[in-house]
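Chemist: what follows is a predicted protein model with its sequence.
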Amino acid sequence: MTDHVIAIDQGTTSTRAIVFDRTGSVVSVGQLEHRQIFPKAGWVEHDAREIWNNTREVIGQALSKADITRHSIAAVGITNQRETTVVWDRTTGEPVYHAIVWQDTRTQSIVERLADGDTDRYKEIVGLPLATYFSGTKVAWILENVEGARAKADAGELMFGTTDTWVLWNLTGGVDGGVHATDVTNASRTLFMDLKTLQWRDDILEAFGVPRSMMPEIRSSSEVYGKVRSSSLLREVPVAGILGDQQAATFGQAAFEKGMSKNTYGTGNFLIFNTGEEIVHSKNGLLTTLAYQLGDGKPHYALEGSIAVTGSLVQWLRDNIGMISTAAEIQTLAESVEDNGGVYFVPAFSGLFAPYWRPDARGAIVGLTRFVNKGHIARAALEATAFQTAEVIEAVNADSGVKLLELKVDGGMVANDALMQFQADILGVTVVRPVVAETTALGAAYAAGLAVGFWKDLADAGRNWQEDRRWEPAMSDEDRARAMRMWKKAVTKTFDWVDDDVAQ
């Protein structure tokens, strides 16, 4: 009996396979981390072949832990780190270069060349400013800098995809008839897709120097793309859902309708505000993106606030600085002091994303005195996540004209009670955590399950959502205003750090 759905969550730091039942509850999880490759300052890469090998292994882990086989699986859903770019040879199936990760900033010179003084030149069409964050400039960099790539691309021998496309193509056969497709949510993060037509724009592809033959087919977020091929433990199971990770988390939070929102606390933070069938162009530094499209139904759009560094700041304190030995220790260390001691930590490691879009910014710790200890720095690191979120929500409130009264949260960092309380305090609104915190994978499972009738409709899936805990604001208006004022002052200290003659 097909009483489960499996979601492949191909994330920035790991790949997971999660089995869900009809109630949306987690049955089992398989997970493997992959290497984070840093060849130069500002460069971030992954080995796409390692990611695919890990994907196969975590599927086996999840099935084994659940003590089920493919015969119990109704469908496969895929969710992924969105802008991370893979280019591979369609004949051999081998990547021509490492995957270039969404955090990577090496393409700033390409951004400046294409912008020619106007980073918003395509924004009305694609919803995005020209920035190193998105896939388009990463593809251009590979074609311009990897030996032989340009000639192969022009000959129609190369394929491009974000990691959902890479996983889908390999799952469905790879060089032996693999499906080369993506969904509207991932396509909307490339700089190449027209928000209105949901098709690639030939004029923009030409401006970037990217041949149309490299591009995957754009499909909806919930439909059968193909079946898993015989080499997998999931052979013959339909792959039926694809959502970029942040849209998947929104879907998993059952934020299906206009005016609903969620905030995911992961490697970075991403707030999505559903604008329904209306395309809303931000005047306050947010992105316009696709929320989802179910089959041949109308697309739903969203405003998004993207923050580059939140959870990865905790990893940095652990791995690069050695201040903590496990990520969980950050809360204990932060709670060893009463406040941040006047310290503000602005983690602009990849520049600043929403609402500033300042590629010239770099990280800074300000307000240091002899009084400060590592507890204050740990607290400031956690508070940085909440401060950045508060600025994004200010922008959402301004663009939507509606004040957000409650924030649904998910992701790994929501287990940190100290952070969630400070988030409620600095926002002055209630913060709510669901019972199932794996909302990204759950969203992909919903998309796949809806396509094959595992769940009847959105209402059927939405009934699974349950509240776990809520945090109410306890900070005075005066203290909140002072803290935000000091945070904004700290942010300005990171501006203009990268000079024209210093690439970093």
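Modeler: Yep, that arrived.
Chemist: pretty sure V372 contacts Y344?
Modeler: No. Counting by Cβ atoms under 8 Å, V372 stays clear of Y344, with 11.2 Å between them. Every C-beta, even on glycine, is put in place using the N, C-alpha and C of the backbone.
Chemist: okay but T440 is in contact with A249, surely?
Modeler: Yes. Using Cβ under 8 Å, T440 is in contact with A249, at 4.4 Å.
Chemist: hang on, the earlier thing: so for V372 and Y344, which residue has more residues nearby?
Modeler: A count of neighbours by other Cβ atoms under 10 Å puts Y344 above the other of V372 and Y344, at 22 against 17.
Chemist: V210 versus that one, what's the distance?
Modeler: 40 Å (Cβ to Cβ, to the nearest Å).
Chemist: then P355?
Modeler: Taking Cβ to Cβ, one finds P355 at 29 Å from V210.
Chemist: who has more neighbours, these two?
Modeler: Per other Cβ under 10 Å, whichever of P355 and V210 has more neighbours is V210, with 25 against 20.
Chemist: what secondary structure does I426 sit in?
Modeler: The local conformation at I426, judged by DSSP: H, G, I helix; E, B strand; the rest coil, is helix.
Chemist: how near is it to W316?
Modeler: Between I426 and W316 the computed distance is 22 Å (Cβ to Cβ).
Chemist: quick revisit: overlap in contacts, T440 and A249.
Modeler: T264, D410, G411 (Cβ atoms under 8 Å, 6 or more residues apart in numbering).
Chemist: would you reformat these as a markdown table and include secondary structure and neighbour count?
Modeler: Below are the shared contacts of T440 and A249 laid out as a markdown table (DSSP: H, G, I helix; E, B strand; the rest coil; neighbours: other Cβ atoms under 10 Å):
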| residue | secondary structure | neighbour count |
| --- | --- | --- |
| T264 | strand | 29 |
| D410 | strand | 25 |
| G411 | coil | 25 |
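Chemist: could you dump the residues you listed to JSON lines with pLDDT?
Modeler: Below are the shared contacts of T440 and A249 laid out as JSON lines (pLDDT from 0 to 100):
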{"residue": "T264", "pLDDT": "89"}
{"residue": "D410", "pLDDT": "88"}
{"residue": "G411", "pLDDT": "86"}
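Chemist: low-confidence ranges in this structure?
Modeler: Under the criterion pLDDT under 70, the flagged ranges of the chain are 1, 231, 500-504.
Chemist: what about the longest helix in it?
Modeler: helix 374-400 (DSSP state H).
Chemist: list the helices and strands that one packs on?
Modeler: Using 3 or more Cβ pairs under 8 Å, 6 or more residues apart in numbering; DSSP states H and E, the elements in contact with helix 374-400 are strand 261-265, strand 269-276, strand 300-307, helix 311-316, helix 329-334, strand 344-346, helix 417-427, helix 477-492.
Chemist: and the strands in the stretch 1-150 of the chain?
Modeler: Using DSSP state E, counting those that start in this stretch, the strands of the stretch 1-150 of the chain run over residues 4-10, 14-20, 26-33, 45-46, 73-80, 85-89, 99-100.
Chemist: picking up where we left off before, who has more neighbours, I426 and W316?
Modeler: Between I426 and W316, counted using other Cβ under 10 Å, the more crowded position is I426 (21 against 16).
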